Each structure stands twice: as C-alpha cells, then as structure tokens.
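1. model the structure of this input:
(2 chains)
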Amino acid sequence: MALDPEAIGKMHEKKERSHELPDLPDSENGVIMRFAPNPSGPLHLGHARASVLNDYYVKKYGGKFYYRVEDTDPKRVDPAAYEMVIEDLKWLGIGITDVIYQSDRFEIYYDYARELIKIGGAYMCTCDNNEFREKKLKKIPCPCRDISVEENLKRFEDMLAGKYAEGEITLRIKTDISHPDPAVRDFAAMRVLTSTPHPRKPGVFVFPLMNFSVVIDDHLLGMTHVIRGKDHIANTRRQEYIYNYFGWKMPHFYHYGRMSIAGLELSTSGMRKGINEGLYTGWDDIHLGTLRALARRGIQPEAVRAATIDIGMGDTDISFSWENLFAQNKAVIDAGADRYFFVPDAVEVDIAGAQNTQAHAPIYPNQPERGDRLLSFTGKVLLPKAEMEIGRMLRLKDLFNIKVTGVNTAEYAGNSLADARSSKAAIVQWLPAEMAVPCSLLMPEGISEGFCEPAVLGYAGKIVQFERIGFSKIDAVKDGKVIAYFTHR
RNA sequence: GCUGAUAUAGUGUAGUGGCCAAUCAUGCCGGCCUUUCACGCCGGCGACCCGGGUUCGAAUCCCGAUAUCAGCACCA
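-> Residues are numbered from 1 along each chain as shown, chains lettered A, B, ... in the order given. Reported below is the predicted structural model:
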C-alpha cells in the first residue's frame, strides 16, 4: 500500500500542536533526569509540569528517568501517596526507568555526612534555632562553627546514638556566613526528629534535609540535568557548596517560573484540608487540580502533556489557562466522542398532529459510516425547558419542526428543514419520552439533571459529546441511571 | 530588610542587534460548511512594562524605575 508521506506529515502536524522545547547542552550521549516529589498526596497540575518536562527530554535524548521518592520528612509523608503517585505517573505516560526511595538510603546519607564533617564542610550545631537565625541574618557565625572535626564527629555519632533530643542538634553545611544571600548562609542538612515515626522506617530518628539528600542522590545516580521550579533556585546555590566540597560535577539546573491556576487550590495540604472538611468529595473532586480529578472529568493525559510542553520551562510566572488545556483536549477527544442527546431540565411535551416515525441521528456527523441512532417518535417527547417559549418554532434535530403552544404542548409544523432555517428556528435536542434515561451531568458550577439516550448506558468510562451541551465523561452507570462529568465544550 | 529572577496580544508561546510595523496556539469577532453553540475551512481583532543609554540600527545589549514572583525553615 502506498502512503503519501506528505499526507502523513500533515496528520502529525494536526495532532502535535505543541512546539518543540529548546535543546539541552551535553545531551549527546543521553540524559539522566528525575522526578522527585514529596509523597504527600496525589499528583496535580504543578507536578505534571515537573514530570512532563523532564520526561520530555529523557524521551528526546534517551537515558534514564528516576522517580525518586523524597520521603525524608515523616511529617510530610502520606503513606497512600506512594501508590497514588505511581498511578498518576502511569496515567500521564511518564517513562520511569527506576524508582528510588530516599527512606531506603539513610545509611548512605549518614556516611556522606561523616565524610563532609571530616573534610570540614559541615558542623554539628547545638544552638537554638531562633538564635542561629538571628545571628545568621547579622552575618555572625555561631560558636559551633569552630569546633574540631573530632568533636563534630563525636556529636554526630552521639546524635545517631540517640543522645540528642528533637531540636537539640543540627548538621549544618559550612558555606559563607557573610554570603550576600542570607538563604545560603550555613544551611541545615540533618536533624533529629522523634515526634513522628517514619511510615516506612519507624526506627529512624535522624533525618537528612532535602538539600543534603538531594545532592548525594543526584550525584550517586549520575543526574545530568534537573528541571524544577524556581522555588529551588536558592537551593541550587546552597547545594553547590556540597558539590564543591566533594569535588563533584554539578548537573545542569533549570528553574521554571511559578504557575498559578485561577480559582484553584493547588497545594496538597490545602486540598487535604478541604477534603477533611467535606468541601471536596475526595482527591478526584471535580473542583481540584489533581490529575485524577482531571481524568475523571475526561481530560486526557496527552492533552495535559501537550499543554505542559506548550508552557515550557520559562522562568516567567504564568497563569495556567483552562482554555488552552481544553483546546488541546478537544483535539484529542473529538474524533472519538460519539454524539448523543442530553436534555437538561426536561419537560414532557405532547406533540399534536404528527405521525409516528423514526429519526436517524448520526453518531458522528463527519463520518456517516459510524452509523445512526434510531429515535422513535410516538407523540410525546422530552425537551429542554429553556427552549419552551410559547409561540416559538423549534426544529427537533433529525426529526421535524414544531410550534410551541403551551408549557407541555406543541404542534407539528412540517418536515422542512428549509422552513426551520428561514424562520430561524433553533435546532434542539430531544428524546422520546418512553426511552429517556435519567442522567445527572456534574459541572463545576453544579449538577444538571436531565435525561439522555439509552445507548449512553453502554458508555461507562468513555467520553461522549452531548449535542449542544459539550463533551462529557460517562462516570458511572447504575440502576439504569447515568452519572456524567462535564468535560468542556 | 537582604538575595535572586522575570517583564512580548485576554491566556500561553516564538524571537538572543538588522530578514520583526513581531511567530504559533488558544480566545474573541465575521463568513463558509453543517439538521449540535462540535469538527473543519477562510478572514479579522489583539502585544514588545516605563525611562534613559550603547549602536548606523534594539523586543533583542547596558543602567535605572516600576511591578510581579521566589528564597532567607530542624519542608520539599
């Protein structure tokens, strides 16, 4: 079979709406990157950016992509998140090479901490946290900064032996106490935490802080490039000290700007609070920006991916636009979405003067070969209440014209489509009263109750387009009733 | 307060000194197609934050102002 290469190219052009991201340096032999979230809940749109961007380059250049679970703060671990994140990544189509749990690596961090102390790159600080902070802001070193390596090592082993209580001691990286940026001055690298047991390692009570464990792992795993949010920009500067102490090569770092989403709670803790308070039904509540909420609404991973790559990794702060995501999603789902009638806020209408007949409505107008839906007319139909203005002429789509004569009555007004056109009659969706299936359409602003075609009962889990309403994901079908989530127009 | 970053149409994005009276997508408006307010097609609307400077020439480089954001945690 001969294929026209040009035609294939065009097909791709239409499908791939997102642009190419700029090249990465030192990528000739592949890249090693990672997605390293804190397992505190399921993934949301913000995580999508981090994971998709990194994944994009690993797919582009080849190499490895680690999902590294940054569970070094037991206070911020939701055990359920371990599994949820994996599910979400799978849904998003992220190609994970390996999964690393930082909570499996405490001994490694301890070893490198000892090394760092030995080479004078870190010290064990027993100062009060607030006092240290005040000194730091005034560029004054704390007394612990000058203790000997031997004493530091002793304090370190004492810490591991449990001789210090929570908050009594901190491993600090020796940077430059008068560094112009107060954020980098002798930052903390390890601490004791006994109040919250770690879900995976209940016996551990000495925990590394992110800036320490991240450097150790990034180096050990051979990370070549790191793309992360600009909230880490100061961390990169801090981490540079550790790289330099060990003489390690730094990966290339990129920091993208902040992304806000209009009217949407994006922090995991905020969402959790809302769920606990009953404000949201769960992690997949339609009002949330979690990937599972988007999935439930009928947003496809390809659309999230395209929208994310379209945004790119610029360091400008941006406001995420639902419009752009919906446009991407529409491009993905339209061709696969069969068309059906959904009559919201339905009224039963007797139509006088019409013969019993059958309507043939195309399942997908642009592709007649997909077939028709057969809708029988026997005198009574369901119509959207909003269309029922007395005296108005309506065209029942794929059937005939009527004239509204009362709240529940209408009369036959001919078959001519041309008449309907010339009198500017609205072409409306309708249902035979006897074959209407109750259907609740959940929209962000509320639930629209109505009826849909019986065939929709067979679409559980799929997306249809309710004509004149919009795309909808059939969430559940039970007891002959349809629950649908409105996706977008 | 200190440190750093950013500033192109409603939104997102391209553009790294002349080819930019500025790209693409989305949005909006108009038209075509159509028994959906979908898809598709055609046309249109709409932007270089402000002020200096460098240069023959700046959206692109420099300085300043303003605004926004991030960090200054025993979070990530």
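2. now do the helices in chain A.
-> Counting by DSSP state H, chain A has these helices, from start to end: A:5-15, A:45-61, A:79-92, A:106-118, A:129-137, A:149-160, A:210-220, A:233-246, A:268-276, A:291-297, A:301-311, A:322-333, A:417-422.
3. reformat those as CSV; add mean pLDDT.
-> Conversion of the helices of chain A to CSV gives the following (pLDDT from 0 to 100):
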stretch, mean pLDDT
helix A:5-15, 33
helix A:45-61, 95
helix A:79-92, 96
helix A:106-118, 97
helix A:129-137, 91
helix A:149-160, 97
helix A:210-220, 97
helix A:233-246, 96
helix A:268-276, 92
helix A:291-297, 96
helix A:301-311, 95
helix A:322-333, 96
helix A:417-422, 93
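4. out of the ones you listed, flag the one nearest A:Pro22.
-> helix A:45-61 (10.1 Å; Cβ to Cβ). C-beta coordinates here come from the backbone N, C-alpha and C atoms, glycine included.
5. in that closest one, what counts as buried?
-> Neighbour counts over helix A:45-61 (16 or more other Cβ atoms under 10 Å) mark A:45-58, A:61 as buried.
6. now check it, is it near RNA strand B?
-> No. Contact between helix A:45-61 and RNA strand B is absent, the nearest approach being 9.9 Å (criterion: Cβ under 7 Å from any atom of the strand).
7. list the contacts of that helix.
-> With Cβ atoms under 8 Å, 6 or more residues apart in numbering as the test, helix A:45-61 has contacts from A:21, A:24, A:27-28, A:30-31, A:33-35, A:37, A:43, A:64-65, A:88-89, A:92, A:94-95, A:225-229, A:256, A:259, A:261, A:266, A:289, A:291, A:294, A:304-305, A:308-309, A:311-313, A:320.
8. also stretch A:233-249?
-> Contacts to stretch A:233-249, defined as Cβ under 8 Å, 6+ apart, come from residues A:112, A:115-116, A:119, A:121, A:173-175, A:181, A:183-184, A:187, A:189, A:210-212, A:214-216, A:219, A:250, A:253, A:255.
9. interface residues of the stretch 101-250 of chain A facing RNA strand B?
-> On the criterion Cβ under 7 Å from any atom of the strand, RNA strand B has as its neighbours in the stretch 101-250 of chain A the residues A:128-129, A:132-133, A:136-137, A:166-168, A:170, A:180-183, A:185, A:187-188, A:191-193, A:207-211, A:213, A:230-235.
10. whichever of these end up buried, select them in ChimeraX.
-> Of these, the buried ones go into a single ChimeraX selection, burial set by 16+ other Cβ under 10 Å:
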select /A:132,136,170,185,187,188,191,192,193,207,208,209,210,211,213,232,234,235
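11. and chain A, what are its domains?
-> Under automatic domain parsing, the residue ranges defining each domain of chain A are A:26-104+A:214-329, A:106-208, A:338-488.
12. you'd agree A:Met190 is up against A:Val206?
-> Yes. In this structure A:Met190 lies within contact range of A:Val206 using Cβ atoms under 8 Å: 6.4 Å.
13. which of these two has more neighbours?
-> Neighbours were tallied for A:Met190 and for A:Val206 using other Cβ atoms under 10 Å; the higher tally belongs to A:Met190 (25 against 21).
14. who touches the more buried one in this structure?
-> Applying Cβ under 8 Å, 6+ apart as the definition, the contact partners of A:Met190 turn out to be A:Tyr109, A:Ala113, A:Thr170, A:Leu171, A:Val206, A:Phe207, A:Pro208, A:Leu209, A:Phe212.
15. and with 10 Å instead?
-> Listed by Cβ atoms under 10 Å, 6 or more residues apart in numbering, the contact partners of A:Met190 are A:72, A:109-110, A:113, A:116, A:122, A:124, A:156, A:159-160, A:169-173, A:206-209, A:212-213.
16. which residues touch the spatially most distant residue from the centre of chain A?
-> Ranking residues of chain A by C-alpha distance from their mean position (Cα atoms, centre = their mean) puts A:Gly353 at the top, at 53.7 Å. When contacts are counted by Cβ under 10 Å, 6+ apart, A:Gly353 touches A:Gly379, A:Ile402, A:Lys403, A:Ala410, A:Glu411, A:Tyr412, A:Ala413.
17. now the nearest residue to the third one once chain neighbours are set aside: phi and psi?
-> The reference is to A:Lys403. In this structure, A:Lys403 finds its nearest non-sequential neighbour in A:Ala413, 4.6 Å apart by Cβ to Cβ, 6 or more residues apart in numbering. For A:Ala413, the backbone dihedrals (degrees, to the nearest 10) come out as phi -130, psi 30.
18. shouldn't A:Ala413 be in contact with A:Leu399?
-> No. Checked against Cβ atoms under 10 Å, the pair A:Ala413 and A:Leu399 is beyond contact range at 11.3 Å.
19. mutual contacts of those two, please.
-> Overlap between the neighbourhoods of A:Ala413 and A:Leu399 consists of A:Ile351, A:Ala354, taking contacts as Cβ under 10 Å, 6+ apart.
20. what about the closest residue to A:Leu325 other than its chain neighbours, distance to A:Lys59?
-> In space, A:Leu325 comes closest to A:Ala307 once its chain neighbours are excluded; the distance is 4.5 Å by Cβ to Cβ, 6+ apart. Using Cβ to Cβ, to the nearest Å, one gets 17 Å for the distance from A:Ala307 to A:Lys59.
21. what do you get for A:Val206?
-> As for A:Val206, its distance to A:Lys59 is 38 Å (criterion: Cβ to Cβ).
22. with adjacent residues omitted, what lies nearest to A:Gly458?
-> A:Val477 (8.0 Å).
23. can you pull up the bridge partners for the one you found?
-> For A:Val477, the beta-bridge assignment (DSSP bridges) gives partners A:Val482.
24. measure it to A:Leu294 for me?
-> With Cβ to Cβ as the criterion, A:Val477 and A:Leu294 are 21 Å apart.
25. so which of the two has more stuff around it?
-> Comparing A:Val477 with A:Leu294 by neighbour count (other Cβ under 10 Å), the higher total belongs to A:Leu294, at 24 against 18.
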